[in-house]
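[1] predicted model follows, preceded by the sequence.
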Amino acid sequence: VKVTSVDYLLSARSATDYPRQPRPEIAFSGRSNVGKSSLINALLKRRGIAKTSSTPGKTRCINFFLINGSFYFVDLPGYGYAKVSRQEQKQWGAMIEEYLQAGDRRKLIVMLVDCRHDVSPLDLRMKQWMDHHRLAHVIVATKADKLSKNQLAQSLRRLRKAFGGSELLPFSAVHETGRLELWRRIQHFIDSDEQPTGGSYA
Ligand SMILES: Nc1nc2c(ncn2[C@@H]2O[C@H](COP(=O)(O)OP(=O)(O)O)[C@@H](O)[C@H]2O)c(=O)[nH]1
Ligand SMILES: [Mg+2]
């Protein structure tokens, strides 16, 4: 995929704010600090999105970008900050679940996990929601450059076990490992009639 344009569209707090024009959506999710901004920058080879998404007031929103005038990148709010209140966690949950269950939107969820970390309860909740709503998804193990080849293989086995059945891709924003594979997966989703069903691609 050659990225020719990236346009910030809007920041949504609820479904009534989502863009009306139906287009395929690629949504990025993960704990804060997992490497989401770095991955999006690496995919697009530019820094625009991450910058917009991290401006005050927008970090707790769902940010929509139009790529090449034809599909959306959707930056979901990060979760698992050490010191957010229970109230904020609830808001995060409601916002994400509202997005995941918005039925008439065609979406691929790219869920990021740090290849060095244990799977968190919130990661598992995300996985349960994706399964429940039968969403197409791919799990990306980020920061792959931080592990040796053996350690990475071991980590991928562990993640495969935790997220049984889901497609899994290693990624490094530093070395750009996995960039082409992830684009290929995204392109396949955009080109296909793949509906928001069938999250399993093992
Ligand atoms: N070594 C390495 N560091 C990374 C990678 N991706 C992100 N980081 C670092 O991890 C930290 C958090 O990254 P960021 O993209 O801001 O995470 P976000 O909070 O999920 O958006 C930053 O210090 C990045 O430089 C990666 O692939 N390899
Ligand atoms: Mg970020």
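    Cool, got the structure. All of these numbers come straight from a predicted model, not from anything done at the bench. Ligands and ions are numbered 1, 2, ... in the order given.

[2] now do the top helix by length along the chain, average pLDDT.
    Ordering each helix of the chain by length in residues (DSSP state H) puts helix 86-101 first. Here helix 86-101 scores 89 as its mean pLDDT.

[3] check stretch 131-148 too.
    The average of the pLDDT scores along stretch 131-148 is 96.

[4] try stretch 167-174
    Stretch 167-174 carries an average pLDDT of 97.

[5] this protein: helices as residue ranges?
    Using DSSP H, the helices of the chain run over 36-44, 48-53, 86-101, 121-132, 149-162, 179-191.

[6] ok, which of those comes nearest ligand 1?
    Among the helices of the chain, the nearest to ligand 1 by CB to the nearest ligand atom is helix 36-44 (3.3 Å). The way it works is simple: take the backbone N, C-alpha and C, and place the C-beta from them, glycine included.

[7] so which elements touch the closest one?
    The helices and strands touching helix 36-44, judged by 3 or more CB pairs under 8 Å, 6 or more residues apart in numbering; DSSP states H and E, are strand 25-30, helix 48-53, strand 71-75, strand 136-142, helix 179-191.

[8] average pLDDT across that helix?
    Taken as a whole, helix 36-44 has a mean pLDDT of 93.
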